[in-house]
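> only the shape, not the letters, is given here:
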């Protein structure tokens, strides 16, 4: 018996909803986390959910 691939992905919740995939929000990180580029980030960072885990980007203040 073969499972339909869409049902399989839906069961594992691997595909984020459109709202979650496009929204970055500002978050304060106390324990250093890995960013998209692999560097450690802490303090204020941008954070987004990709379906299974959180993705972090360094927050850069503009002048």
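Received the coordinates, thanks. Bear in mind the structure is a predicted one, so any value in this text is a computation, not a measurement.
> what segments of the chain are strands?
Counting by DSSP state E, the segments of the chain that form strands are 25-34, 40-49, 54-58.
> output the ones you listed as JSON lines; include the columns mean neighbour count and mean pLDDT.
To be clear about C-beta, it is placed using only N, CA and C from the backbone, and glycine gets the same treatment. Rendered in JSON lines, the data for the strands of the chain read as follows (neighbours: other C-beta atoms under 10 Å; pLDDT from 0 to 100):
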{"stretch": "strand 25-34", "mean neighbour count": "11", "mean pLDDT": "92"}
{"stretch": "strand 40-49", "mean neighbour count": "16", "mean pLDDT": "91"}
{"stretch": "strand 54-58", "mean neighbour count": "16", "mean pLDDT": "90"}
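> would you mind giving me the confidence score for residue 52?
Residue 52 is assigned 80 on the pLDDT scale.
> give me the contact list for stretch 55-63.
For stretch 55-63, contacts defined as C-beta atoms under 8 Å, 6 or more residues apart in numbering pick out 24, 26-27, 29, 33-36, 39, 41, 43-49.
> again, only using 7 Å
With C-beta atoms under 7 Å, 6 or more residues apart in numbering as the contact definition, stretch 55-63 has outside contacts at 26, 33, 35-36, 41, 44-48.
> what do you get for stretch 30-49?
Outside stretch 30-49, the residues that touch it by C-beta under 7 Å, 6+ apart are 16, 20, 23-29, 54-59.
> just flag the most distant two among the residues you listed.
Using C-beta to C-beta, the contacts of stretch 30-49 span at most 22.4 Å, a distance reached by 16 and 28.
> for residue 24, what are its contacts?
Contacts of residue 24 (C-beta under 7 Å, 6+ apart): 46-48.
> swap the cut-off to 8 Å and go again
Counted by C-beta under 8 Å, 6+ apart, residue 24 has contacts 46-48, 57.
> can you list phi and psi of it for me?
Torsion angles at residue 24 (phi, psi; degrees, to the nearest 10) stand at phi -100, psi 140.
> show the pLDDT at it.
Residue 24 is assigned a pLDDT of 87 by the prediction.
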